[in-house]
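Asker: Dropping a prediction and its sequence here:
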Amino acid sequence: MANGFYNNERRDSYPKGGVGTDNADPERRELLARFRKEWITQGIDEEGVEFCRRAAEYLQQRKMTSSYVRNIFGELKRIESKGFAQSRTDFYLLRPKVAYATARAKDRGIEMNLFREIYECMAPHVSDDRTFKNLVNMVEAIIAFHKACGGRD
């Protein structure tokens, strides 16, 4: 893929704290260092499920509500129903929507940087319907674990 943001030449993981500029939180850095591109390119495994659980707990502890990611998840499901190939542009436009949701949450004292950084780690590895579905599965797992550990709607 020729797009500079979403080509597969990018790093496999972000061990120095992810793609964001706020790397002060060592727990967030450690979580992001555990991300593996294979969860998108090949499918999630038990380690990936554990990653989603830990990410959800982190987000819940920092007061993220599922309403902040509901629009993003709804857009992912809409793209999934139309097919990735037909909705590639919509997928690329999710990146600024995730950034906007993160900034909006921050204005209300809610920490969502980890969600944005995880999305930024996953998105470059999406190239077809199968890899897109793997991304959707990971986002869905994070949302489900978030709710299970007491996250608010």
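Answerer: Looks like it came in fine. Numbering: from 1, shown residues only.

Asker: Output the below-cut-off pLDDT ranges for the chain.
Answerer: 1-24, 151-153 (pLDDT under 70).

Asker: starting at the chain centroid, how far to the lengthiest helix in the chain?
Answerer: Counting by DSSP state H, the longest helix found in the chain is helix 129-148. Helix 129-148 sits 8 Å away from the centroid of its parent chain (CA atoms, centre = their mean, to the nearest Å).

Asker: What is the burial count for Arg130?
Answerer: Residues near Arg130, counting by other CB atoms under 10 Å, number 13. No exception for glycine: its C-beta is placed from N, CA and C like everyone else's.

Asker: One more: Leu94?
Answerer: 18.

Asker: Next, the contact list for the nearest residue to it once chain neighbours are set aside, please.
Answerer: Among residues not flanking Leu94 along the chain, Glu75 sits closest, at 5.9 Å (CB to CB, 6 or more residues apart in numbering). Neighbour list for Glu75: 90, 94, 97 [criterion: CB atoms under 8 Å, 6 or more residues apart in numbering].

Asker: Who are the contact partners of the second one?
Answerer: Each residue near Leu94 by CB under 8 Å, 6+ apart is listed here: 72, 75-76, 79, 119, 123.

Asker: Which ones among the residues you listed lie within helices?
Answerer: 72, 75-76, 79, 119.

Asker: Look up how far Gly150 lies from the residue nearest the centre of the chain.
Answerer: Compute the mean C-alpha point of the chain, and by CA atoms, centre = their mean the closest residue is Tyr119, 2.7 Å away. Distance, Tyr119 to Gly150, using CB to CB, to the nearest Å: 22 Å.

Asker: How about Ser87?
Answerer: From Ser87 across to Gly150, the span is 33 Å (CB to CB).

Asker: what about these two, which has more around it?
Answerer: Neighbour count, other CB under 10 Å: between Ser87 and Gly150, Ser87 has more, with 19 against 9.

Asker: ok, the nearest residue in space to the more buried one that is not next to it in sequence - contacts?
Answerer: Nearest non-adjacent residue to Ser87, counting by CB to CB, 6+ apart: Ile79, 4.1 Å away. Counting by CB under 8 Å, 6+ apart, Ile79 makes contact with 87, 90-91, 94, 132.

Asker: among those residues, which are in strands?
Answerer: Among the contacts of Ile79, no member falls in strands (DSSP state E).

Asker: what are the ranges of the helices in this protein?
Answerer: Taking DSSP H to define them, one finds helices in the chain at 26-33, 38-41, 46-61, 67-82, 88-92, 94-107, 113-122, 129-148.
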